[in-house]
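Enquirer: Pasted the sequence and its predicted model underneath.
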Amino acid sequence: MNHALLIELGSEEIPARMVAGLARQFAEQVAARLATAGLIAAPAEAPKVFWTPRRLAALFPFVAPQQPNREEEQIGPPARLAFTAENAATPQALSFAAKFGASAADLYRVSTPKGDYVAVRRRHIGMALSSLLGLLLPEAFAALNLPKAMQWQGPSGARFVRPLRWLLVMHGATVLPVELAGLTSGGQTRGHRHSNDDHVTIDNANGYIDTLKEHDVIVDWAEREAMLRRQLSESAAHAGWSWRPDEALLATLRDLTENPAVVLGTFAPAYLELPSEVLVTVMRDHQKYFALNDSQGHLCPGFLAVTDVAGEPREDRVARIRHGHERVLRARFNDARFFWQTDRKRTLHSRVDDLGHVTFHAKLGDYGAKTRRNLRLAHWLASAWKAETKVVALAAQLAKCDLTTELVKEFTELQGKIGGLYAAAEGLGDGVRDAIYFQYEPLTTESPAPPNQEAAAVGVADKLDTLAGMFLVQEIPTGSRDPFALRRQANGVIRTLLERDLALDLNQALETALGAYGPDQGDHQATRLGLQQFFLERLEYYLREVGGHAVDSVRAVLTVSANDPLDARRRVEAVTTCRREAASAFAGAAAAMKRIRNIVRKENWTTREWSADLLRDPAEQALAEKLRALPVEHARWQQRATVAGGDPTPYQHQLLQVAATGPVLDQFFTAVRVNDDDPRLRANRLGLLAFAAHELSRVADFSEIVFNED
């Protein structure tokens, strides 16, 4: 009878950043093998996945106790070699039958495309679940993709992120003995780490969640997360405040605890004189506390800490926990205040020379040299974007100075932010403050892009210089390795350009960035080509995943124009609109363009030259007339696009004109024989088609677009 199958791996403390992914991986690996073995139906109900810092578990709802029996037809030798004239089995046939435990009576003939052969049916007796798990579970365990691995049984022992300490495998109410990593499974698990319940018996797989809950373990991660949200809201409301939502911190604390409890603490209001960025960073990144806001959204002198408790803590214990957290936070705030006051004794200007003693990269020099390169590139960008060049120049000169401050040395995640705060405190103006403060943004998909052209110029210059230098010295990201976060830097450039509506000639920008490095630091030409491809991949990802455009629409545009990301986005937007509003015309033009591309490619034809004097058929004359009108129309609409500040509507008009050539192209292919016997006519027609492919692909390459042929 089918029952729920429960598998739990008990471990020493697994890091919070790893545990959720490992649990899901483990469930997927086991489920795939159970399905292959025929023990669960396909498609089967998804397994329920559980985890805490000390365990990974999966519950598979309906698992058979044994594989189904099955028969398999085995093909043997040709029939002419298997039977004698008297229809008796030959020694060859008998040997074949014996190989599968069959006799001569079990042999029969089968017809195949290659002729008649002898065959026998082989019966497979299904293995019991317990026996199969002995094979499948070690396979699934070994297949896990581990961020880091330990071996605790010698060089040939099991590998996992932490040593395994117990193993639970149950099918319904039956304990299945399975060996894994030197452990033999039983019917017991362990309760909360502070309860000393090391022998918790599970009576039935379906009772796993409730049994552990009785021993202070909330094994369902979703329930722990809901508990945290509720307690955070209730504790904050009790003080008249609200907690600052932080999904990443919430997930971390959910995965650090087995039975979370929230404790409200306070700190002296005098600490609020420090910038909120400093206070929140200390609370969040160093202590894993949630910050609190008042009704106006201002930071309050309080915090919420999460502790892992067994049972309902007594009030005296809660008070001790609160006191401990407040004492630690007070010490951290005192350090931050000391660093803030010490750093303020010097101006950012006085720190510029210190950058020469801070290494940027062993092969690329110090931050003093990087600052000079950034300044040159930022000035070039500011001129292109009509930004305040004086603001950009000052911000670029001072942008990296906070790397020499005590506060950034202690709280490295605040680099840039601290420089911006010091610039504001020194009265350098909002423009300089913002350009320094936002120089590293956007750091994530959720964080904001720089707020203005000045900040964008400083931030993009810094990222382009880093990318150029790292690629020059071959610090290029691979599929599994990107230690300098270069993908994030390129994504930041793309996001800044597109979200601030800033045009940029990437090829020229990369040449400018590379030009600041000496010829002895790498192959500039090869590096520029590599960076262009790198940005092309990032731009395609953004337009597809963030912009929501179809893959073929994106590729149709990027095949033609990818050098200016803003222009590429407007082209893709136009393609998307036209495909929706003129689908039929687009489909016809796309089919014709594919045909043109195929002909030109097959003939290896590159010249776009043709003569009107050699146009014999009215259909080719009509096509030529249509094509001659396109450049004038393209130029007119391109001028409108420039005047309108990059409005995508002119691109839509151009695309609709291209789509309107579909019937003319169809008529051409119906009436005109391209490979004419006359070599002059053949060359002229191929030249006309090559010219058509060029003119019709000024906005996007229609041949890349795929339409469903219903």
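Expert: Sure thing, it's come through.
Enquirer: Could you count how many residues lie near residue 342?
Expert: Other residues within reach of residue 342, judged by other Cβ atoms under 10 Å, total 12. Where C-beta positions appear, they are placed from N, C-alpha and C, glycine not excepted.
Enquirer: For the stretch 51-200 of the chain, just list every one of the helices.
Expert: 79-82, 91-99, 129-142 (DSSP state H, counting those that start in this stretch).
Enquirer: ditto for the stretch 301-450 of the chain
Expert: Going by DSSP H, counting those that start in this stretch, the stretch 301-450 of the chain shows helices at 315-343, 367-385, 389-398, 406-410, 417-425, 430-437.
Enquirer: Report the buried residues of the shortest one.
Expert: In terms of neighbour count (16 or more other Cβ atoms under 10 Å), helix 406-410 has its buried residues at 406, 407, 408, 410.
Enquirer: what phi and what psi does the backbone show at the most far-flung residue of the chain relative to its centre?
Expert: Most distant from the centre of the chain: residue 86, at 69.8 Å, with distances by Cα atoms, centre = their mean. Residue 86 adopts backbone torsions of phi -90, psi 10, taken as degrees, to the nearest 10.
Enquirer: Now do it against residue 694, distance only.
Expert: Going from residue 86 to residue 694 by Cβ to Cβ, to the nearest Å gives 78 Å.
Enquirer: Could you do residue 182 as well?
Expert: Relative to residue 694, residue 182 is positioned 68 Å away (criterion: Cβ to Cβ).
Enquirer: Check residue 552 too.
Expert: 20 Å.
Enquirer: Neighbour count for these two, which is higher?
Expert: A count of neighbours by other Cβ under 10 Å puts residue 552 above the other of residue 552 and residue 694, at 17 against 12.
Enquirer: Just the buried positions in the strand or helix carrying that one, please.
Expert: Residue 552 belongs to helix 551-558 when assigned by DSSP states H and E. The neighbour-count check on helix 551-558 (16+ other Cβ under 10 Å) flags 552, 553, 554, 555, 556, 557, 558 as buried.
Enquirer: Please apply the same query to stretch 454-474.
Expert: 454-472.
Enquirer: domains for the protein, by residue range?
Expert: 3-67+128-214, 71-124, 221-343, 351-548, 566-704 (automatic domain parsing).
Enquirer: Let me see the mean pLDDT of the longest one.
Expert: With pLDDT averaged residue by residue, domain 351-548 scores 94.
Enquirer: Any idea what residue 180 is bridged to?
Expert: residue 183 (DSSP bridges).
Enquirer: neighbours around it, how many?
Expert: Residue 180: 20 neighbours (other Cβ under 10 Å).
Enquirer: Tell me who's in contact with it.
Expert: 9, 137, 138, 141, 158, 164, 167 (Cβ atoms under 8 Å, 6 or more residues apart in numbering).
Enquirer: quick one, phi/psi of the fifth one?
Expert: Residue 158 adopts backbone torsions of phi -70, psi 160, taken as degrees, to the nearest 10.
Enquirer: so it makes contact with residue 150?
Expert: No. At 9.2 Å, residue 158 does not count as touching residue 150 under the criterion of Cβ atoms under 8 Å.
Enquirer: Pick out whichever of those two has more residues nearby.
Expert: residue 158 (19 against 13).
Enquirer: dump the residue contacts of the closest residue to that one other than its chain neighbours.
Expert: The shortest distance from residue 158 to any non-neighbouring residue, by Cβ to Cβ, 6 or more residues apart in numbering, is to residue 181 (3.5 Å). When contacts are counted by Cβ under 8 Å, 6+ apart, residue 181 touches 141, 153, 157, 158, 160, 164, 167.
Enquirer: Report the residue spans of this protein with pLDDT below the cut-off.
Expert: For the chain, applying pLDDT under 70 flags the ranges 1, 42-44, 124, 156, 313, 631-649, 708-710.
Enquirer: Roughly how far does residue 152 sit from residue 12?
Expert: Counting by Cβ to Cβ, the gap from residue 152 to residue 12 is 9 Å.
Enquirer: Between those two, which contacts overlap?
Expert: residue 163.
Enquirer: ok, back up a step: and the buried residues of helix 551-558, which is closest to residue 52?
Expert: Nearest to residue 52 among these, counting by Cβ to Cβ, is residue 554 at 42.4 Å.
Enquirer: where does the residue nearest to the closest one when sequence neighbours are not counted fall, phi/psi-wise?
Expert: Leaving aside its chain neighbours, residue 554 sits nearest to residue 543 (4.7 Å; criterion: Cβ to Cβ, 6+ apart). The phi/psi pair for residue 543 (degrees, to the nearest 10) reads phi -60, psi -30.
Enquirer: same deal with the one 5 residues further on?
Expert: The phi/psi pair for residue 548 (degrees, to the nearest 10) reads phi 80, psi 20.
Enquirer: picking up where we left off before, what residues of the helix or strand following the helix holding residue 552 count as buried?
Expert: Using DSSP H and E, the next helix or strand after helix 551-558 towards the C-terminus is helix 565-581. Neighbour-count burial for helix 565-581, counted by 16+ other Cβ under 10 Å, picks out 565-579.
Enquirer: Not counting its own residues, what contacts helix 565-581?
Expert: Residues contacting helix 565-581 (Cβ under 8 Å, 6+ apart): 494, 497-498, 501-504, 506, 535, 539, 542-543, 547, 549-550, 553-554, 556-558, 560-562, 586, 641, 646-649, 651-652, 654-656, 659, 699-700, 705.
Enquirer: Quick one: buried ones out of those residues?
Expert: Counted by 16+ other Cβ under 10 Å, the contacts of helix 565-581 give 494, 497-498, 502, 504, 506, 535, 539, 542-543, 547, 549-550, 553-554, 556-558, 561-562, 586, 641, 646, 648, 651-652, 654-656, 659, 699-700, 705 as buried.
Enquirer: Just the residues you listed: which are in helices?
Expert: 494, 497-498, 506, 535, 539, 553-554, 556-558, 586, 641, 651-652, 654-656, 659 (DSSP state H).
Enquirer: could you say which helix or strand contains residue 476?
Expert: Going by DSSP H and E, residue 476 is not in any helix or strand.
Enquirer: who are the neighbours in contact with it?
Expert: Applying Cβ under 8 Å, 6+ apart to residue 476 gives the contacts 470, 486, 530.
Enquirer: Relative to residue 284, how far out is residue 582?
Expert: Counting by Cβ to Cβ, the gap from residue 582 to residue 284 is 51 Å.
Enquirer: out of the two, which sits in the more crowded spot?
Expert: Per other Cβ under 10 Å, whichever of residue 582 and residue 284 has more neighbours is residue 284, with 19 against 16.
Enquirer: mind checking the SS state of the more buried one?
Expert: helix (DSSP: H, G, I helix; E, B strand; the rest coil).
Enquirer: just residue 461 next, same as before
Expert: helix.
Enquirer: Go ahead and confirm it touches residue 385.
Expert: No. Residue 461 lies out of contact with residue 385 (Cβ under 8 Å); the separation is 11.2 Å.
Enquirer: got the helices of the stretch 301-450 of the chain as CSV, with distance to residue 519 columns?
Expert: Listed next are the helices of the stretch 301-450 of the chain as CSV, based on distance: least, Cβ to Cβ, whole Å:
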stretch, distance to residue 519
helix 315-343, 39
helix 367-385, 15
helix 389-398, 25
helix 406-410, 34
helix 417-425, 33
helix 430-437, 31
